[in-house]
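Asks: One predicted model, sequence on top.
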Amino acid sequence: MFNSISTQANKLLHLTKKNSTASKTKIITITSGKGGVGKSTFTANMAYLLARRGYKIAIVDADIGLANMQVLFDIKPRLTLFDYIEGRNTINEIISSTAYNNLDLVAGKSGYQYANLKNSLVLSRVVDEIKGLNKYDIVLIDTGAGLNEYVQEFLSVSNNILALTTTDPSALTDVYALMKMLSIDKDRLLICFNHTKNYKIGETIANSLVNLAKKNRLNHNFVVKYIGNVSTSANITTTSRLRKLFAHEFINDEITKQLHLVIDSLLENIH
Ligand SMILES: Nc1ncnc2c1ncn2[C@@H]1O[C@H](COP(=O)(O)OP(=O)(O)O)[C@@H](O)[C@H]1O
Ligand SMILES: [Mg+2]
């Protein structure tokens, strides 16, 4: 048992090393701690705007509880991440195209029994395989709520972690818990606010989180970088309900402009 896990761990390490030098693909994991803050909506729309700018993008729907990317893109993929995880299909087979240029999706599956997994390393292997294709500029991984071991695994294989949060105290508590956890072995966390009225509010709260980290003596090399905010908008709720992307339907809307600013900052800060 231990042998087989360690063999798999070695394979994973090998794969990571091989691909990290060869691949152009950047991996961004989007997380929050708290559910319902707008992660999937934000990820889908950000992916769309990046694709419009000419980047080749793939989204991996890694939400364990509620895989809803295919709903946001209004497609019904025949195969999901789990067909790959269970060894039935190759990585190329589980990648679905969307209605948008330069934008592909690896769909998830709601209610999947993760307990079936012998061990969780297969989850991060999907990331290495996508990198290995060397076809995408950026892969966005949309994780579910909470910091369970599966979310942690996706965080561990990602150089770039973006926390989306609201200013709600419970959401901020969860973001701080995330900072604490990541500060142990990561050097950075990007943070973006949803449902905030302006850039300044997000910046002020991000600074408070940084000060709290200092006060509690979290690793002082760990950097929290604030990259912008998106306001509340009825257009977002409406387009989600209609299974459309607001950034596509409302291309000149204030919200879409805010998201473009987030993307500018994101592109400056990923590696
Ligand atoms: N800035 C916003 N303004 C208005 N509604 C939003 C905004 N961001 C997200 N929503 C809505 O909030 C709900 C939850 O969003 P979702 O992306 O599914 O959250 P999560 O993936 O974090 O669970 C959706 O109905 C979505 O349309
Ligand atoms: Mg979601």
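Replies: Received it, and whenever you're ready, just let me know what you need. Ligands and ions are numbered 1, 2, ... in the order given.

Asks: in the sheet, who's paired with the spatially most central residue of the chain?
Replies: Central residue of the chain (CA atoms, centre = their mean): Ile30, 2.5 Å from the mean position. Assessed by DSSP bridges, Ile30 has beta-bridge partners Asp142, Leu162.

Asks: quick one: it and Leu140 touch, right?
Replies: Yes - using CB atoms under 8 Å, Ile30 and Leu140 qualify as a contacting pair, with a distance of 6.2 Å. Where C-beta positions appear, they are placed from N, C-alpha and C, glycine not excepted.

Asks: Now do the shared contacts for the two.
Replies: The contact sets of Ile30 and Leu140 overlap at Thr43 (CB atoms under 8 Å, 6 or more residues apart in numbering).

Asks: what helix or strand is Asn229 on?
Replies: strand 223-230 (DSSP states H and E).

Asks: Write out the residues of the stretch 101-250 of the chain neighbouring ligand 2.
Replies: For the stretch 101-250 of the chain, the contact set with ligand 2 under CB under 5 Å from the ion is empty.

Asks: Can you show me the strands along this protein?
Replies: 26-31, 57-62, 95-97, 103-106, 138-143, 160-165, 188-194, 223-230 (DSSP state E).

Asks: hey, C-alpha coordinates of the first one in PDB?
Replies: Same thing as strand 26-31. Coordinates of each C-alpha in strand 26-31 appear next as PDB, following Å, rounded to 0.1, in the frame of the first residue of the first chain:
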ATOM      1  CA  LYS A  26       0.300  29.000 -16.200                       C
ATOM      2  CA  ILE A  27      -2.000  27.500 -13.600                       C
ATOM      3  CA  ILE A  28      -4.300  29.700 -11.500                       C
ATOM      4  CA  THR A  29      -6.400  28.100  -8.700                       C
ATOM      5  CA  ILE A  30      -9.400  30.200  -7.700                       C
ATOM      6  CA  THR A  31     -10.500  29.500  -4.200                       C
END
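
Asks: do you know how far the residue nearest to the centre of the chain is from Phe42?
Replies: Here Ile30 is placed at a distance of 7 Å from Phe42 (CB to CB, to the nearest Å).

Asks: Overlap in contacts, the two.
Replies: Leu164.

Asks: follow-up on the earlier one: now render the strands of the chain as a markdown table, adding mean pLDDT.
Replies: Formatted as a markdown table, these follow (pLDDT from 0 to 100):
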| stretch | mean pLDDT |
| --- | --- |
| strand 26-31 | 96 |
| strand 57-62 | 96 |
| strand 95-97 | 98 |
| strand 103-106 | 98 |
| strand 138-143 | 96 |
| strand 160-165 | 97 |
| strand 188-194 | 98 |
| strand 223-230 | 97 |
